[in-house]
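Visitor: attaching a predicted model along with its sequence, questions to come.
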Amino acid sequence: VAVDTILQRLVALTPSLASQNKRKKTRGSKSSNGTNLRVVRLGHPARIQSSILQYSLEALVQNADGTEIVADVRKELKSFLNVLGNPKARPNDKRVAYREMKNLRKEVRTREEKVVQELLGSSQVVFSTNVGAANKVLRESDFDLVVIDEAAQALEASCWIPLLRGKKIVLAGDHCQLPPTIKSHIAAKKLGKTMFERLLLDLYAPCPNMISRMLKVQYRMNANIADWASQAMYEGALSTHSTVADQTLKQLLLQEESSVENTTNSIEDVDIKELMETVLLFVDTAGCAMYEGTNKGSGSRYNEGEAEVLCRHVQKLLDSAGLKQS
């Protein structure tokens with residue numbers, strides 16, 4: 001999930017956040033620049049990456065002030081529950097237990113809500129998915145800034161959930177990449193265009209620079225690959241950072257461990273040597289009886305023959321070139 005990735009990167013940039021959840025009764029921790037940075041991730045723990053569970057609302061609530069009192073109240077509540085379940089208990093004792101249980105349940109709810117609101121109120125950054133922003137714990141929350149990552153892959157309807165809680169909005173995404181997945185062709189007619197596209201290509205089409213800024217330097221791929229994408233999709237505006245401009249598979253291997261140089265030099269397979277230094281490879285499958293198929297459910301296309309060719313290339317690199325699976 002994109003939101004978990006962002007949280008992980010924020011934690012990596014602020015190492016001292018790792019101690020935030022370890023110190024009980026502490027509302028925040030000092031970051032490397034000397035300021036307090038407090039974060040919380042909303043969402044069901046089962047859907048949150050294990051590496052950031054310590055920042056989930058549930059984990060923070062367990063370590064927050066007031067949690068001990070809630071635990072004591074729950075113990076008392078359990079004792080009255082045992083009275084109700086005891087067939088030998090007197091009717092009067094059961095009536096008292098029922099009345100006390102009602103009061104204690106109300107107290108538990110009140111105290112838990114107070115703890116949650118204090119945590120959210122003291123947090124500087126709240127992470128959630130678009131739909132997760134509908135969580136009832138945020139019903140009275142407003143934010144100075146709402147950022148939606150991968151906004152070009154999000155349905156507009158889902159974007160409105162967090163947007164209505166913010167004073168300023170930032171949509172980050174790339175409308176030239178894959179759109180949101182909509183299985184219904186009928187629904188796609190209405191929902192196929194994202195808010196990102198509508199703002200950029202419709203409402204502000206005459207003057208897109210009023211609201212948009214393009215990140216023009218990419219750090220992921222060799223310049224030969226990026227240049228093709230730049231010309232095909234971005235009118236030549238995308239450039240490549242010098243750290244990856246000439247990067248090849250062989251260079252990646254050499255960076256991982258110095259002993260790999262012996263491995264790459266000892267490769268006898270000419271095809272593998274060439275493939276290790278090849279940046280962009282096109283395979284012509286015309287006349288090879290590799291026919292496309294169509295998924296009946298989604299309508300997406302696939303080609304098993306071409307996939308098999310690709311698998312063979314990858315397996316060759318793993319077996320002969322020393323590349324590692326990841």
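Guide: The structure has been received and is ready for your questions. Residues are numbered from 1 along each chain as shown.

Visitor: okay, CA-based contacts and neighbour counts for the rest of this
Guide: Noted.

Visitor: which residue ranges of the stretch 151-300 of the chain form helices?
Guide: Applying DSSP state H, counting those that start in this stretch to the stretch 151-300 of the chain gives helices spanning 156-163, 185-191, 195-197, 223-233, 249-256, 260-265, 270-277.

Visitor: most tightly packed of those helices?
Guide: helix 195-197 (a mean of 22; mean count of other CA atoms under 10 Å).

Visitor: can you show me the strands along this structure?
Guide: 29-30, 36-37, 39-41, 125-127, 143-148, 166-171, 217-218, 239-240, 293-294, 301-302 (DSSP state E).

Visitor: still on that earlier bit, need the helices of the stretch 151-300 of the chain in TSV (columns: distance to Gln117 and mean pLDDT).
Guide: Listed next are the helices of the stretch 151-300 of the chain as TSV, based on distance: least, CA to CA, whole Å; pLDDT from 0 to 100:
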stretch	distance to Gln117	mean pLDDT
helix 156-163	18	95
helix 185-191	34	87
helix 195-197	31	93
helix 223-233	45	92
helix 249-256	46	76
helix 260-265	54	50
helix 270-277	55	75
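
Visitor: adding distance to Gly66, write those helices out as JSON lines.
Guide: Output for these, formatted as JSON lines (distance: least, CA to CA, whole Å):
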{"stretch": "helix 156-163", "distance to Gly66": "29"}
{"stretch": "helix 185-191", "distance to Gly66": "45"}
{"stretch": "helix 195-197", "distance to Gly66": "42"}
{"stretch": "helix 223-233", "distance to Gly66": "53"}
{"stretch": "helix 249-256", "distance to Gly66": "48"}
{"stretch": "helix 260-265", "distance to Gly66": "55"}
{"stretch": "helix 270-277", "distance to Gly66": "59"}
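
Visitor: closest to Leu323 out of the ones you listed?
Guide: helix 249-256 (7.1 Å; CA to CA).

Visitor: by mean pLDDT, show me the worst of the strands of the chain.
Guide: Of all the strands of the chain, the minimum mean pLDDT falls on strand 29-30 (a mean of 43).

Visitor: what degree of burial does the residue found closest to His241 once you drop the neighbours it is linked to in the chain show, as a neighbour count?
Guide: With CA to CA, 6 or more residues apart in numbering as the criterion, His241 has its nearest non-adjacent residue at 5.7 Å, and that residue is Tyr219. Tyr219 has 14 neighbours, counted by other CA atoms under 10 Å.

Visitor: low-confidence regions, this protein specifically.
Guide: By pLDDT under 70, the low-scoring segments of the chain are 15-36, 255-271, 326.

Visitor: looking at it, which residue lies furthest from center?
Guide: Using CA atoms, centre = their mean, the residue of the chain lying farthest from its centre is Arg90. It sits 55.0 Å away.

Visitor: separation between that residue and Leu77?
Guide: Per CA to CA, to the nearest Å, Arg90 is found 18 Å from Leu77.

Visitor: can you give me the end-to-end distance of stretch 210-226?
Guide: Stretch 210-226: ends 27 Å apart by CA to CA.

Visitor: now it, how far from the chain's geometric center?
Guide: 21 Å (CA atoms, centre = their mean, to the nearest Å).

Visitor: give me the contacts around that stretch.
Guide: 200, 204, 237-241, 243-248, 279-280 (CA atoms under 8 Å, 6 or more residues apart in numbering).

Visitor: swap the cut-off to 10 Å and go again
Guide: Under the contact criterion CA atoms under 10 Å, 6 or more residues apart in numbering, stretch 210-226 has outside partners 170-174, 199-200, 204, 227, 229-230, 232, 234, 236-248, 279-281.

Visitor: report all helices and strands that the longest helix seen in the chain contacts.
Guide: For the chain, the helix with the greatest residue count under DSSP state H is helix 91-122. If contacts are counted by 3 or more CA pairs under 10 Å, 6 or more residues apart in numbering; DSSP states H and E, helix 91-122 sits against strand 39-41, helix 57-62, helix 67-84.

Visitor: just to revisit the earlier point, which of the helices of the stretch 151-300 of the chain sits closest to Ser128?
Guide: helix 156-163 (9.1 Å).

Visitor: gap between the closest one and the chain center?
Guide: 17 Å.

Visitor: what comes into contact with it?
Guide: Contacts for helix 156-163 (CA under 10 Å, 6+ apart): 128-135, 138, 142-143, 145-148, 151, 169-171, 180, 191-198.

Visitor: list the buried residues of stretch 167-174.
Guide: 169, 171-174 (16 or more other CA atoms under 10 Å).

Visitor: let's have those in JSON lines, adding distance to Cys311.
Guide: Listed next are the buried residues of stretch 167-174 as JSON lines, based on distance: CA to CA, whole Å:
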{"residue": "Ile169", "distance to Cys311": "43"}
{"residue": "Leu171", "distance to Cys311": "36"}
{"residue": "Ala172", "distance to Cys311": "33"}
{"residue": "Gly173", "distance to Cys311": "30"}
{"residue": "Asp174", "distance to Cys311": "29"}
